[in-house]
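Colleague: sequence first, predicted model second:
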Amino acid sequence: MQPQNEKNLYDLSQAERETLLRTSWMYHDYQWYQNTIEAVGPEHANRNNQEAIYVAGKGEMTRLMRALRIYPVRSIENVIKLILAANDLYIGKMVQMRLSNGPDWLHFGAAACFSREGTRKDGLESSYFCGALKRISGWLAAMNVEHKVEPEIGLCLPAQGKPCSFLVRLKADWLKP
């Protein structure tokens, strides 16, 4: 049976193709995490997932900085520009990120998160460590911005009945005290 109005790949808009790629990659990532839990348990799966997300985030940001020709990063404005661009490119609407900032801090939160929804649906939410903030931590590392995340990245905060809310304190020579 042929679907009506069959399309070719290039009949899809650029945004539709980007969403398809993004969601396919994130589905792959989640399947890896799920299979790793089954193979080695949640403790090892979380440790390996956190490291993979952090390193992948560094790579993502390094490529983005090169593409946008923003290197080295020398201002909070560039940090924010890069984070918003990376979020739009790599995450899209899969996480409804909220971001506010001061001269040497960033505040992140999420109204909705695909990881939270997926782990809840599959009964894994009580053991899942936040991947979104670990990825952002990798992005900041690629920018050579030292930072401290409060609270420390660990179990998904909403899964513990807490709001998704992280304060990231930044340290860099160019930051104003």
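Modeller: Looks like it arrived, so ask away. Residues are numbered from 1 along each chain as shown.

Colleague: tell me where this structure has helices.
Modeller: 14-40, 42-68, 76-86, 114-121, 132-142 (DSSP state H).

Colleague: which of these is buried the deepest?
Modeller: helix 132-142 (a mean of 23; mean count of other CB atoms under 10 Å). From N, CA and C alone the C-beta is placed, and that goes for glycine too.

Colleague: contacts for that helix?
Modeller: 50, 53-62, 65, 79, 82-83, 86, 90-91, 95, 97, 108, 110, 113, 115, 147, 149, 153, 166, 168, 170 (CB atoms under 8 Å, 6 or more residues apart in numbering).

Colleague: wait, doesn't residue 116 sit right on residue 155?
Modeller: No. Counting by CB atoms under 8 Å, residue 116 sits too far from residue 155 to count as a contact (11.2 Å).

Colleague: so what's in contact with these two at the same time?
Modeller: With CB under 8 Å, 6+ apart, residue 116 and residue 155 have common neighbours residue 128.

Colleague: mind putting the helices of the chain in TSV, distance to residue 174 and mean pLDDT included?
Modeller: As requested, those are exported to TSV (distance: least, CB to CB, whole Å; pLDDT from 0 to 100):
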stretch	distance to residue 174	mean pLDDT
helix 14-40	32	92
helix 42-68	15	96
helix 76-86	8	97
helix 114-121	32	88
helix 132-142	14	96
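
Colleague: let's have those helices in a markdown table, adding distance to residue 161.
Modeller: As requested, the helices of the chain are exported to a markdown table (distance: least, CB to CB, whole Å):
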| stretch | distance to residue 161 |
| --- | --- |
| helix 14-40 | 22 |
| helix 42-68 | 19 |
| helix 76-86 | 27 |
| helix 114-121 | 12 |
| helix 132-142 | 18 |
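
Colleague: mind checking which of those helices is nearest residue 102?
Modeller: helix 76-86 (8.4 Å; CB to CB).

Colleague: keeping just the C-alphas, turn that closest one into CSV.
Modeller: What follows is helix 76-86, C-alpha atoms only, in CSV (Å, rounded to 0.1, in the frame of the first residue of the first chain):
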residue,chain,number,x,y,z
ILE,A,76,29.8,36.5,28.4
GLU,A,77,27.9,37.6,25.3
ASN,A,78,29.9,35.1,23.2
VAL,A,79,29.3,32.4,25.8
ILE,A,80,25.5,33.0,25.6
LYS,A,81,25.5,33.3,21.8
LEU,A,82,27.3,30.0,21.5
ILE,A,83,25.1,28.2,24.0
LEU,A,84,21.9,29.4,22.3
ALA,A,85,23.3,28.4,18.9
ALA,A,86,24.4,25.0,20.1
